[in-house]
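> Okay, sequence plus prediction incoming.
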Amino acid sequence: MSIQIYNTLSKRKEEFKPLEPGKVKMYVCGPTVYNLIHIGNARPMIVFDTVRRYMEYKGYEVNYVSNFTDVDDKIIKKANEEGVEPSVISERYIAECKKDMEGMNIKPATKNPKATEEIGGMLDMIQTLIDKGHAYPAADGTVYFRTRSFKDYGKLSHKNLDDLQGGNRSLLVSGEDQKEDPLDFVLWKPKKEGEPYWDSCWCQGRPGWHIECSVMSKRYLGEEIDIHAGGEDLIFPHHENEIAQSEAANDKPFARYWMHNAFLNIDNRKMSKSLGNFFTVREISEKYDLQVLRFFMLSAHYRSPLNFSADLMEAAKNGYERIVTSVDNLKFLLEKAADAEMSEEEKQLVTEAQGFETKFDEAMDDDFNTADALAAIFELVKFVNSNAKADSSKAFLEALKQEIVTLSDICGLIVDKKAEMLDSDIEALIEERQEARKAKNFARADEIRDELLAKGIVLEDTREGVKWKRA
């Protein structure tokens, strides 16, 4: 079965056909970095990382780009409150975001562009839009996109321009009197006191939010891409505006497939700071292994609303630990298993175990149904627990273990704990080892080296410092 993707653009499932055979160009809208990321941010990160992992498992080479919005009103406000440059705030929270992403086992993107490093491309695209009649500068230097100049506006959100004219305020900003049409939106805006700004031929100012993703996607993936993804709250106006800008500037379709994950609720209510039901990923990490959060996020289909609660997190913890325990049991049996070839009965059992991989693939091929994919892993775990015995051959036990680990890894779940350590944990132990050596506590330094080696981490002392690699 080929991969079927629900395309927000067409409102139906479609067979995935990449622009270039064997390759996938994928752009996922990233966070605005003014604070620690919350669990609402975590859902698209986990969901689309899993989509990427499955694509790679199926043999695709995935170019995965996800941006950081590092210039924004919230960043500027926080910087002014602390008396620092906005870049200090954004760099601080980019680093914190990456820590949380590592804890959730999010694979590093091929590229994480920052808005402030792409201003030149934004100025070029804005000028192109002006030259083509799709944008215009106002008297104060604000540049607006002429929404009605793009005849397909509304095709993603399935909104009608005339209905929007009737009162939707999502596109409206200060300076309405300068607009040719109330529905026109900002591409470039003049600087204000205390804000960062860049020079342009229109005014000293900074870009509107929507233009950055159009420009970064084009630079790192090309004018037309395979998949554009994000939370459903971005469908309108952000993604709708991206389509208008990109297709008006480039004269070709922007993205073939649009994927959007549903909202995350807290105790059956929309997550909100005002309601006091707002949790950061860091807060969750104080109570749970972030692998549990990942398991929880994948326990429902990405297009279904997901309710976060203590009870559901406990259920996710139990489910995740069930898989880890099965792998631990296999490792225990492997330590004492005979180094012999599989019997005919064991070969037949391995074939049966591979049938669960087929179930897993069928679930993931059907618009990345991770809930059913996890169910297939649980069926495999039950099968393994029933058939792995103390007298099983090492080859048989290894084959069963590999089946569980492979499928779990596609979901980004680390179930072979001994085989994996977070980079941050490794670096912390290396730093402790360096301090021990400085204190001439060589016994502790050697102990740390041996501990890392036992976990598959090889250290190399060089003139430039300590280097490490996974064995």
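Nice, thanks for sending it over.
> close enough to count as contact, V186 and V143?
Yes. Look at V186 against V143 with CB atoms under 8 Å: they come within range, at 7.3 Å. Every residue, glycine included, has its C-beta placed from N, CA and C.
> Could you check which of these two has the larger neighbour count?
The residue with more neighbours, out of V186 and V143, is V143; 27 against 22, by other CB atoms under 10 Å.
> Quick one: residues contacting that one.
Residues near V143 by CB atoms under 8 Å, 6 or more residues apart in numbering: 126, 130, 135-137, 186-189, 202.
> Tell me where the stretch 101-250 of the chain has helices.
Assigned by DSSP state H, counting those that start in this stretch, the helices in the stretch 101-250 of the chain fall at 119-131, 161-165, 209-221, 240-250.
> Quick one: closest of the ones you listed to Y64.
Shortest distance between Y64 and the helices of the stretch 101-250 of the chain, using CB to CB, is found for helix 209-221: 9.4 Å.
> quick one: least confident helix or strand in this structure?
helix 161-165 (a mean of 74; mean pLDDT, DSSP states H and E).
> For that one, enumerate the helices and strands it packs against.
The contact analysis (3 or more CB pairs under 8 Å, 6 or more residues apart in numbering; DSSP states H and E) places helix 161-165 against no helix or strand.
> what's the distance between it and the middle of its chain?
Centroid displacement of helix 161-165 relative to its chain, using CA atoms, centre = their mean, to the nearest Å, is 33 Å.
> got a list of contacts for it?
With CB under 8 Å, 6+ apart, helix 161-165 has contacts from 147-148, 153-154, 171, 182-183.
> quick one: least confident of those?
Ranked by pLDDT, the contacts of helix 161-165 bottom out at L171, which scores 45.
> Below-threshold pLDDT in the stretch 101-250 of the chain: ranges please.
For the stretch 101-250 of the chain, applying pLDDT under 70 flags the ranges 165-176.
> cool, the stretch 251-400 of the chain as well?
Counting by pLDDT under 70, the ranges of the stretch 251-400 of the chain that qualify are 272-276.
> just so I have it, where are all the strands in it?
In the stretch 251-400 of the chain, the strands defined using DSSP state E, counting those that start in this stretch lie at 255-261, 264-266, 269-270, 306-308.
> can you redo those strands as a markdown table with distance to W198?
Below are those laid out as a markdown table (distance: least, CB to CB, whole Å):
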| stretch | distance to W198 |
| --- | --- |
| strand 255-261 | 27 |
| strand 264-266 | 35 |
| strand 269-270 | 36 |
| strand 306-308 | 39 |
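> okay, the ones you listed, which one's buried deepest?
When you average the neighbours per residue for each of the strands of the stretch 251-400 of the chain (mean count of other CB atoms under 10 Å), strand 255-261 leads with a mean of 23.
> Mind listing residues that contact it?
5-9, 14, 16-17, 19, 27, 43-44, 47-48, 51, 156, 224-232, 234-235, 239, 243, 302-303.
> May I see the ChimeraX selection of the buried members of the residues you listed?
Here is the ChimeraX selection string for the buried members of those, based on 16 or more other CB atoms under 10 Å:
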select :5,6,7,8,9,16,27,43,44,47,48,51,156,224,225,226,227,228,229,230,231,232,234,235,239,243,302,303
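> count of residues packed around F279?
17.
> ugh, wrong one, I meant A315
15.
> what's it in contact with, if anything?
The contact partners of A315, taken as CB under 8 Å, 6+ apart, number zero.
> With distance to A315 as extra columns, can I get the helices of the stretch 101-250 of the chain in JSON lines?
Shown next, in JSON lines, are the helices of the stretch 101-250 of the chain (distance: least, CB to CB, whole Å):
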{"stretch": "helix 119-131", "distance to A315": "45"}
{"stretch": "helix 161-165", "distance to A315": "42"}
{"stretch": "helix 209-221", "distance to A315": "36"}
{"stretch": "helix 240-250", "distance to A315": "37"}
